[in-house]
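Engineer: Quick one: sequence plus predicted model below, questions after.
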Amino acid sequence: MSEQWIFLNNRFVKKEEAVVSVYDHGFLYGDGVFEGIRMYNGNVFRLDDHMKRLYESAHSIMLQIPFEKEELTELVVETCRKNGLQDAYIRLVISRGVGDLGLNPYTCKEAGVIIIAEPLALFPKRLYETGIEVVTVPSRRNRADVLSPKVKSLNYLNNILVKIEASLAGVNEALMMNDQGYVAEASGENIFIVKDGVIKTPPGYVGALEGITRNAIIELAKNAQLDIREDVFTRHDVYTADEVFLTGTAAEVIAVVKVDGRQIGNGKPGEITNQLLALFREAVSVDGTKVYPHSEVQVS
Ligand code: PMP
């Protein structure tokens, strides 16, 4: 890529010039919200859903985004175009903005807006063939009544601690329980289990981010007449499942073949996992917002 352009506050700047103030409350306090979005072959996958989640997260923390939803949607699309991208990972960040050193968010006059679109570092193909190993960790998911996991905030310390615990255990990803011991999600993905043909993922109240990929998988599974339900489950249910998989914008649908040393199923990505990954990959370049041609912004 020749020149990388980043949208910062109200204009496009070169990557080297895209810097934010040390007084930005996003930096000082993790005070802000964000989205991780993906473009496949010139199609931004479910951009409207990401925008909805972003504006709801911002509303929840009383953060005023200085653009109408439609304007910001167009700016995301324009960032992809300006960087000449067909396939990309897009990071959209809304920070409380520059203020005083104190906590008070009202010292921040205007929210900061950052849009970065860059070529995607794909998950290694090998992992989709072998599946991954995860552990469960002592860190609990944020209680929904403390800081709702539905708010995709810049405060990711909970998830970062989980990443550290995973790494100490010698694996890349880990599962978090909620405060009652029910399985919530992984540090950056939602979880599904399959048992006797029934697919389950924890309902929102267990305390997980409402993943765009998760919701797409629920829809795709229903359309394929698969039995899919939101239900609570424990570590035992994960250990004894026939299949386990994680979903997320970066990971797509990835099989988990070992949990806390217990082999899942036959130790290989399962049939339903592979079926859902195939359906998901079929959907990604048609379901969303077309970036090209220039004049067209359409949502299917
Ligand atoms: N849970 C958490 C904590 C995440 O950070 C993510 C990634 N955004 C997900 C789940 C998956 O969500 P999505 O499918 O929208 O990427």
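Structural biologist: In hand now; what should we look at?
Engineer: The residue in the stretch 51-200 of the chain positioned nearest to the ligand - nearest residue in space that isn't next to it in sequence?
Structural biologist: Closest to the ligand within the stretch 51-200 of the chain is Gly188: 4.2 Å, counting by Cβ to the nearest ligand atom. Backbone N, C-alpha and C define where each C-beta goes, glycine included. Once flanking residues are discounted, Gly188 sits nearest to Gly248: 5.7 Å by Cβ to Cβ, 6 or more residues apart in numbering.
Engineer: follow-up on the earlier one: which secondary structure state is assigned to the residue of the stretch 51-200 of the chain closest to the ligand?
Structural biologist: coil (DSSP: H, G, I helix; E, B strand; the rest coil).
Engineer: which residues does it contact?
Structural biologist: 159, 173, 248, 250-251 (Cβ atoms under 8 Å, 6 or more residues apart in numbering).
Engineer: Could you check the pLDDT of Val171?
Structural biologist: Listed pLDDT for Val171 reads 97.
Engineer: leaving aside the residues next to it on the chain, what's closest to it?
Structural biologist: Per Cβ to Cβ, 6+ apart, closest to Val171 is Glu133, 5.0 Å.
Engineer: Please give me every residue in contact with the one you found.
Structural biologist: Contacts of Glu133 (Cβ under 8 Å, 6+ apart): 171, 256-259.
Engineer: Tell me the residues of the stretch 51-200 of the chain that contact the ligand?
Structural biologist: Residues of the stretch 51-200 of the chain lying close to the ligand by Cβ under 6 Å from any ligand atom are 159, 185, 188-190.
Engineer: hmm, 5 Å instead?
Structural biologist: 185, 188, 190 (Cβ under 5 Å from any ligand atom).
Engineer: Export the residues you listed to a markdown table and append columns for pLDDT.
Structural biologist: Below are these laid out as a markdown table (pLDDT from 0 to 100):
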| residue | pLDDT |
| --- | --- |
| Glu185 | 98 |
| Gly188 | 97 |
| Asn190 | 98 |
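Engineer: and of those residues, the nearest to Phe27?
Structural biologist: Closest to Phe27 out of those is Gly188 (20.8 Å), distances taken as Cβ to Cβ.
Engineer: Backbone torsions only: list them for the closest one.
Structural biologist: phi -140, psi 20 (degrees, to the nearest 10).
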